[in-house]
Every structure is written in C-alpha cells, then in structure tokens.
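*Asks:* Would you be able to build a 3D model of this:
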Amino acid sequence: MYAYCALFFLPTDPVEFLTRFLAVLLEPAVDELHRLVDHLRLHALLRRNGLVPIDRRAVQDASQQVLGPRKERDVAELLAKEIAEFITEAGLETQCTPDIKKYEWKKTILNASLMPVCATTGTTMKEAMEGEETRFLCERILKECIQVAERLGYDFGDDFFKKGVSYLSNAGDHKPSTSMDLEAGNPIEYVFQPIIDYGKKTGIPTPYLDSLTKVMRTLEKKKREMKS
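*Replies:* Below you'll find the model as predicted:
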C-alpha cells in the first residue's frame, strides 16, 4: 500500500498542513514531527527569498547550508520528497510523484466501481464482489471508468482491469462510507460524478455508473425527506 505525495499540494503555511495531516498520521512521533516542522519552516523562508538548499544535509543544520537560486517547481519537488521520506520513515510507505492526478483517477475509478453498487443494493463490498449480479455491475462500471480515463490520456497499463478486479475482490466485508452516509441520511459526496461528466464531454458512455448514481440521488432525496 502506497501513499502518494504531490509536488504542488502544499499550503502556504506548512505548519498548517502538518497540524491537519501529519499530526494525526504520526501522533506517536512527536519529536520527529517537530523536526519536520522546523525543516519546512526553513524551506518556506528560503522559498520566499527565491533560494533553496542545494545540499540536502543543509536541512539538518542551517549553518551548513549551500544556497542557490532554484525554480519554484524545484522547491516544491524538494519539499514533497522531504515529506514523502519522512512519512515513509514513520512506517507508511510514501512516494513522491509529479503526476498526482493519475493516482487520483486510479483511486476514484476503484471507488466508483464499488460505492454505487453497494449503496443501491445494501451489500458490503465483499458481498458485492461475491454476488453474480452485483459483481457484473462492478466490472461493467470499472470498464466504463477505464475507458473515460484512457480517452483523457491516462494509461494504467493493459492489465489494469484485471488488477482492478483483483483489488476489488479483496475488499472488506463492510459497507463503504457512501453507503453509511446514505443510510444515515447524511449528505453524500459523489466523488465519481466527474467520471460521468468527463464521459459526456469526451463521448464515452457510462450507462451503468450514470444509472446507479441516479438511483443513489433518488434514495438520498427520499432519506432526506424522511428526516425533515
């Protein structure tokens, strides 16, 4: 299992980023967390002045810095790699990538293949992949999503469908968060709606995903009316 660190995802204030994300992820490693905070503060200061340490060891000791002008992308990449290394050292293997959108699409495709099926049938993820009818729906949606992604230029390899089915088949015997929100009458975040929208723009039909999404919206509306 990998986490992916984008080059341009950092907020203006790195301390804010750390307190909202790393502080939760790495709660036991308080000392290491403080060390990274100091590192990012240093990098933020250098970036504001158009400089960045050339020697990575400069992060360890400001008195040993070798500075030079660098492009904004270089600074962002250095910061992203530093954070990825830090999280990996803490036990969650993390990779730095210049193309985070590709991995966002990959995750969304896999979510889209299970979430609407589970939400509309009341099944757990494991049940959805074990049932003949529900598995058929999951696989059809997976194919639709892959076709949309490919039309947009994302290449996950010729065996991505096979790998995707294998990944979904190992899903846990519990309901996804979307199902829980639907049953509780909470607002639903349709993270897979962009796939439908891009499908329409690019001429790639997504009838299975589109139909189940419409069913979900109908169920959500009815649940909301029952609560009011």
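*Asks:* mind saving the C-alpha coords of the host helix or strand of Ile195 as CSV?
*Replies:* Assessed by DSSP states H and E, Ile195 sits inside helix 193-202. Provided in CSV are the C-alpha atoms of helix 193-202 (Å, rounded to 0.1, in the frame of the first residue of the first chain):
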residue,chain,number,x,y,z
GLN,A,193,-19.6,12.2,-10.7
PRO,A,194,-16.7,13.8,-12.6
ILE,A,195,-16.1,10.5,-14.4
ILE,A,196,-19.7,10.7,-15.7
ASP,A,197,-19.2,14.3,-16.7
TYR,A,198,-16.0,13.7,-18.5
GLY,A,199,-17.6,10.7,-20.2
LYS,A,200,-20.3,13.0,-21.6
LYS,A,201,-17.7,15.6,-22.7
THR,A,202,-15.5,13.0,-24.5
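*Asks:* Can you list the buried residues in the helix or strand just after it?
*Replies:* Next helix or strand after helix 193-202 toward the C-terminus (DSSP H and E): helix 207-227. Under the neighbour-count criterion of 16 or more other CB atoms under 10 Å, helix 207-227 has Tyr208, Leu209, Asp210, Leu212, Thr213, Met216, Glu220, Lys223 buried. For every residue, glycine as well, the C-beta is placed using N, CA and C.
*Asks:* hang on, the last one packs against Gly185?
*Replies:* This means Lys223. Yes: Lys223 lies in contact with Gly185 (CB atoms under 8 Å); the separation is 4.3 Å.
*Asks:* joint contacts of the two?
*Replies:* Common contacts of Lys223 and Gly185 (CB atoms under 8 Å, 6 or more residues apart in numbering): none found.
*Asks:* So which residues of this structure form helices?
*Replies:* For the chain, the helices defined by DSSP state H cover 14-17, 23-25, 30-48, 72-89, 100-121, 125-130, 132-151, 160-169, 177-184, 193-202, 207-227.
*Asks:* what's the angle from the last one to helix 177-184?
*Replies:* For helix 207-227 against helix 177-184, the angle by axes from the mean of the first three to the mean of the last three CA atoms, to 10 degrees is 30 degrees.
*Asks:* With the longest one instead?
*Replies:* Relative orientation of helix 100-121 versus helix 177-184 (the same axes, to 10 degrees): 40 degrees.
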